[in-house]
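**Q** quick check, what structure comes out for this input:
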Amino acid sequence: MKVLSMYLPQFHKVKENDEWWGEGYTDWNSAQNARPLYEGHYQPHLPYNQYYYDLMNKSTLEWQASLMKKYGIDGQCIYHYWFKDGRQILEKPIEKLLEWKDIDMPFCFDWANQSWAYSWCAVKGVNVWNEKLDKHRGGRTGLLLEQQYGDEKEWRQHFEYLLPFFRDERYIKVDGKPVFVLHIPEDIPVIAEMTACWRRWAGDEGLNGIYFIGAYNTNEEFVDAVFYPAPTVATASLLTGEMADCHPSVLDYRAVWEYLIRRAYKEKDHMVGAFTGYDDTPRRGTKGMVIDHASPEIFKESLAELMAINASHNQPFTFINAWNEWGEGMHLEPDEKDGFAYLEAVSYAKKQYQN
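**A** Have a look, this model is predicted:
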């Protein structure tokens, strides 16, 4: 059983963020500017020793890799952004990782295949990056980056970009197949044709194929495994009635974990993910959601049980949300409140889950 954490490659300067949200914007700004919205609300989440790193610095990735090795994180599942006509964003840190072969950071990709838009955009199912800083700029539709899939020419371009990563000895594989997570596979109308082409091209390049994991997937015909990410697989069921009408809406951490454990027992052929905490009010303000009373103690015992269930169901991974989602209150990276306790909890769970 390998533990992979979700990784946001956003903490560096990019011109798009400067234009949309202000000069030098990263999630560090969201974290620093967050404020408690009710009595006992834990905000802001600030990094241990005020370490506001830049992912373009090699020392940052060296530090992250050393933490992974020390506390038993087997790899990073890094968000990958590839939009219409091959438009990319936030790709530079991972391209630097590919260049820095001496950094021992096993990794794979999660293609976050959603359009990006402002909160007032009329388009459904988009990623609204920061509602609090929404300036109502952009095009007539409010779209910032549009997700489209094209045809075989575009698929080939995408595959050729990924191939050097797939060939890297640090890239995570199952039975020799590079792991590639499709964040919302049901949004890909050409999924059958595209995955067939990618598998064929991978074979032509000497790989055993591609191990596709579909997040929230209900059609398993085109993927090798199914992954239900936390906490959203739970919040969709738990956030109902009066709780859904609160501002912000609040759920209890232990209750969310209890749902995840119950779900994991039922999902005998699928992976259910873990999470450290959740609070997106730094990005969404009073429109956000908080999973309150998070604690390393609940996390470590729940993670050990979840790993045991996933292992008993012959699943290869347990995914943890997240390594560094500071704007959503999900981070294994140490903070001022709990220090290294969540990383220590992973180490504990890996030693205990087989019991």
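**Q** residue most distant from the centroid, the chain?
**A** For the chain, the largest distance from the centre (Cα atoms, centre = their mean) belongs to Asp204, which lies 30.0 Å off.
**Q** neighbours of Asp269, how many?
**A** A count of neighbours around Asp269, defined by other Cβ atoms under 10 Å, yields 10. All C-beta atoms are positioned from the backbone trio N, CA, C, and that covers glycine.
**Q** hang on, isn't it packed against Tyr228?
**A** No. In terms of Cβ atoms under 8 Å, Asp269 does not count as a neighbour of Tyr228; the distance is 11.4 Å.
**Q** picking up where we left off before, any idea how far Ile191 is from the residue farthest from the centre of the chain?
**A** As judged by Cβ to Cβ, to the nearest Å, Asp204 and Ile191 stand 20 Å apart.
**Q** Pro185 now?
**A** Pro185 sits 6 Å away from Ile191 when distances are taken as Cβ to Cβ.
**Q** more neighbours: which of those two?
**A** For Pro185 versus Ile191, neighbours defined as other Cβ under 10 Å are more numerous around Pro185 (23 against 20).
**Q** name the SS class of the residue lying closest to that one once chain neighbours are set aside, please.
**A** Nearest in space to Pro185, with sequence neighbours left out and distances taken as Cβ to Cβ, 6 or more residues apart in numbering, is Gly214 at 4.2 Å. Going by DSSP: H, G, I helix; E, B strand; the rest coil, the secondary structure assigned to Gly214 is strand.
**Q** residues that sit against both of Pro185 and Ile191, list them.
**A** With contacts defined as Cβ atoms under 8 Å, 6 or more residues apart in numbering, the residues adjacent to both Pro185 and Ile191 are Phe222.
**Q** which SSE is immediately downstream of the lowest-mean-pLDDT helix or strand in the chain?
**A** The helix or strand of the chain with the poorest confidence is helix 242-245; it has a mean of 62 (mean pLDDT, DSSP states H and E). Toward the C-terminal end, the helix or strand that comes next after helix 242-245 (DSSP states H and E) is strand 249-252.
**Q** could you give the mean pLDDT of the next helix-or-strand element following that following strand?
**A** Proceeding C-terminally, strand 249-252 gives way to helix 253-266 as the next helix or strand, assigned by DSSP H and E. Per-residue pLDDT over helix 253-266 has a mean of 98.
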